[in-house]
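[1] Here is the input, now give the coordinates:
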Amino acid sequence: VGTVRTRYDLSFLEPRLFGTLTSFGLDLYNTSRKSVGGRDYREERRGGAVSLGRRFSKYLQGNVRFKHEEVEISDIDESFLEVNRQPEEYRNRSSTTQSIEVSATHDTRDYFKFPRSGHRNRLSLEYAGLGGDNEFTKIVAGTEQYFPLGEKWVLHLDGQVGAAFEMGSSETVPLQERFF
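    Numbering: from 1, shown residues only. Modelled structure (predicted):
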């Protein structure tokens, strides 16, 4: 069981747009993933995103992100599709996703790049159905905790939980948006 990934990212972030507490971001990406061992398929994602964020306090920030991406799924193991109720429309084909994501982050880490203590909690809601082929809603909650262990060591715990739901005319959540 494993995954081979290749990812190219070009990102720009202005953390204080025009000297305000509002941030602005642009992302372009191209990702390739080949999963093997029980869920064999190849996934190619190309797209971009525009985001606006706002710092509400020292520790709390909110973001809104619009994403457009093209996804190609190929080389799917047919036995995997039968187990996961994947309809014919998503098999070995290209699709487009346009979505909007709203998120809130509570971040008390002492250092951004190499934290020694604190936490970073995030809650996001993504709605895809603004155009494109894929329609779904996804909610994700994640947390990172940092605990100093003496002078040189830090214990880092990281966890995430999420759920995805089909929307509109979709019969099921697309393969590439599921949690495995």
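
[2] doesn't V50 fall inside a strand?
    Yes. Secondary structure of V50 (DSSP: H, G, I helix; E, B strand; the rest coil): part of a strand.

[3] Strands along this structure, start to end?
    2-14, 22-36, 41-55, 60-74, 94-107, 118-132, 136-149, 153-166 (DSSP state E).

[4] want to try CSV for the ones you listed, with mean pLDDT as columns?
    Output for the strands of the chain, formatted as CSV (pLDDT from 0 to 100):
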stretch, mean pLDDT
strand 2-14, 90
strand 22-36, 92
strand 41-55, 94
strand 60-74, 95
strand 94-107, 95
strand 118-132, 95
strand 136-149, 97
strand 153-166, 96
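
[5] could these be laid out in a markdown table, adding distance to R178?
    C-beta here means a position set from N, CA and C on the backbone, and glycine is covered the same way. Listed next are those as a markdown table, based on distance: least, CB to CB, whole Å:
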| stretch | distance to R178 |
| --- | --- |
| strand 2-14 | 14 |
| strand 22-36 | 12 |
| strand 41-55 | 11 |
| strand 60-74 | 12 |
| strand 94-107 | 13 |
| strand 118-132 | 13 |
| strand 136-149 | 9 |
| strand 153-166 | 6 |
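
[6] Kindly reformat those strands as a markdown table containing mean neighbour count.
    As requested, these are exported to a markdown table (neighbours: other CB atoms under 10 Å):
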| stretch | mean neighbour count |
| --- | --- |
| strand 2-14 | 10 |
| strand 22-36 | 15 |
| strand 41-55 | 16 |
| strand 60-74 | 17 |
| strand 94-107 | 17 |
| strand 118-132 | 16 |
| strand 136-149 | 16 |
| strand 153-166 | 12 |
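
[7] So for T172, which of those strands sits nearest?
    Taking CB to CB, strand 153-166 is the member of the strands of the chain nearest to T172, at 5.3 Å.
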